[in-house]
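>>> What follows is a predicted protein model with its sequence.
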Amino acid sequence: MQKSFNNAAIYAVTVVVVIVSLLLGISIGSLSIPFSTIIDIFLYQWFGTPLNSDIPTNLVQIVMEIRLPRVVLAFLVGASLALAGAAFQGLLKNALADPYTLGVSSGASVGAVIVLFFGIQLPFVGTFTLPIVSILFGLCTLFLVLLFTRAVERKMSVETIILAGIMFGAFFSALISLMIALTGEELRQIITWLMGSVAMRGWNYTMMTLPFFLIGSLLLLWNSRELNAFAFGEATAAHIGVDVMRRKLVILTGASLLTGSAVAVSGTIGFVGLVIPHMIRLVCGPNHRLLLPLSLLYGGAFLVLADLAARTIISPRELPIGVITSLIGAPLFAVLFFKRMKRKT
C-alpha cells in the first residue's frame, strides 16, 4: 500500500514537472506569453471555447504553429534518447551504456547525413526517408558492434561491447567529417544539423518522428519485466522463463528505433540518454517498471528546458541544443560517477 502511494506521488510530481516545462517552453521567448493566455488558446483551438477578446489573434499562430511544435518535438526527442539510454543500461547492466557510447547514434547520424548530402528520397516513403534511413543505419551499426564483439570475445562482456561501440562511433564520425569536407552548399545545413537543434522544424518533423516514438516506446515499456530479469543475468532470466535472445532483439530494436528517429529530426544531442536514467535510478531505484516511464517523462522535460536555455541565453541568437546538453550533462555525470565510485571504495 505504501509503495503504491509512493509511486503515485512520484508520478504526480513528474506530471507537474512535465506540464510546467512544456508551458515554460511555450511561454518564454522574444515575446512572453502568460500561462493563462496559452491555456485560453488551447481551449479555443481544441474545444472551440470563445477566445478572450484581449488576446491578439497573432498569438494563436505563434503558439500553435511556431512554439508548440518545437516544444513537442523537443519533448519527443528527449524522451526517446532517455528511454533508449535506460533500456541499453538495463540490458547491458552498465550505467555508461547509451545510444552514443554504443555507436548507434553515430551510425544513425551517418545515415541522416547521407540523405542530406545526396538529397535522397526513397520511393513510397517520401518525407519519411530521413528517419527510416537513419533508423536502418542505427540498427546496422548495433548489429556490427555485436557481431564484432562476438568475434573478439564469445562471452560478449559489457566492457567489450562498449569499447566496440566507441570504436565504430569514432569511425562513423570520421566518415561524417569526410562528407563535410567534400560538401559545398549543403555544408551549413549539415553542420547545423550535427550540432543538434529542434528549431524551425514545424509539425512535419513532429509527425515524422511520432510513429517511431510510439512503436519504440511501447516495445521497451512492454519489456520492463524482462529488463528487470536481465539485471540478475541472462542465465537467471532464462531460468524464470524469459526468451533471452528474442527479448534482447526486441529491446535493442526498440531502443534503435527511438535513437534513429530522434537523431534524424534533431541531429546529435548527447548525454540525455546517459544522465537522465542514471539520476532517476539513484532516486527511485533500478525497477524498470518505474525507471522506463520516468526516464521518458523526465528526458522529455529536460530537453524542453535545454532548448529553452539554448534560445534565450544569448537571445536573439540561438545556441545549438547539443551544446547545452553537453555543458549540463558532462559535469553532472562526472559528479554522479565520482560519487558512485567513491561509495565502492
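Structure's in. What do you need?

>>> Which positions within the helix or strand hosting Leu303 qualify as buried?
Using DSSP states H and E, Leu303 sits in helix 288-312. Under the neighbour-count criterion of 16 or more other CB atoms under 10 Å, helix 288-312 has 288, 290-311 buried. Glycine gets a C-beta too; all of them are placed from N, C-alpha and C.

>>> so is the closest residue to Phe337 other than its chain neighbours in a helix, a strand, or just coil?
Spatial nearest neighbour of Phe337, excluding adjacent residues (CB to CB, 6 or more residues apart in numbering): Ala95 at 7.8 Å. Three-state call for Ala95 (DSSP: H, G, I helix; E, B strand; the rest coil): coil.

>>> Tell me how many other residues surround Ala95.
Here the count is done by other CB atoms under 10 Å, and Ala95 has 19 residues near it.

>>> residues contacting it?
89, 277-278, 281, 337, 340 (CB atoms under 8 Å, 6 or more residues apart in numbering).

>>> Closest one of the residues you listed to Leu218?
For the contacts of Ala95, the closest approach to Leu218 (CB to CB) belongs to Pro277, at 18.1 Å.

>>> Only the buried residues of the one helix or strand that closest one maps to, if you could.
Here Pro277 sits within helix 272-284, counting by DSSP H and E. Neighbour counts over helix 272-284 (16+ other CB under 10 Å) mark 272-281 as buried.

>>> Kindly calculate the angle that it makes with helix 288-312.
Counting by axes from the mean of the first three to the mean of the last three CA atoms, to 10 degrees, helix 272-284 lies at 130 degrees to helix 288-312.

>>> can you pull the contacts of Gly90?
Gly90 touches 227-228, 230-231, 286, 288, 291, counting by CB under 8 Å, 6+ apart.

>>> related to what we said a few turns ago, and the residue nearest to Phe337, how far from Leu291?
Distance of Ala95 to Leu291, given as CB to CB, to the nearest Å: 12 Å.

>>> residues shared between the contacts of those two?
277, 281.

>>> Leu221 contacts Pro293, doesn't it?
Yes. Using CB atoms under 8 Å, Leu221 is in contact with Pro293, at 6.6 Å.

>>> Lowest average confidence across helices and strands of this protein, where is it?
One helix or strand of the chain scores below all others by mean pLDDT, DSSP states H and E: helix 187-194, with a mean of 72.

>>> helices and strands around that one, which ones?
Helix 187-194 sits against helix 104-118, helix 158-182, with contacts defined as 3 or more CB pairs under 8 Å, 6 or more residues apart in numbering; DSSP states H and E.

>>> deepest of these, which one?
helix 104-118 (a mean of 24; mean count of other CB atoms under 10 Å).

>>> right, and the helix or strand after that one?
helix 129-152.

>>> Flag every buried residue along the helix or strand hosting Phe213.
Element membership for Phe213, per DSSP H and E: helix 202-222. For helix 202-222, burial by neighbour count (16+ other CB under 10 Å) applies to 205-206, 208-209, 212-213, 216-217, 219-221.
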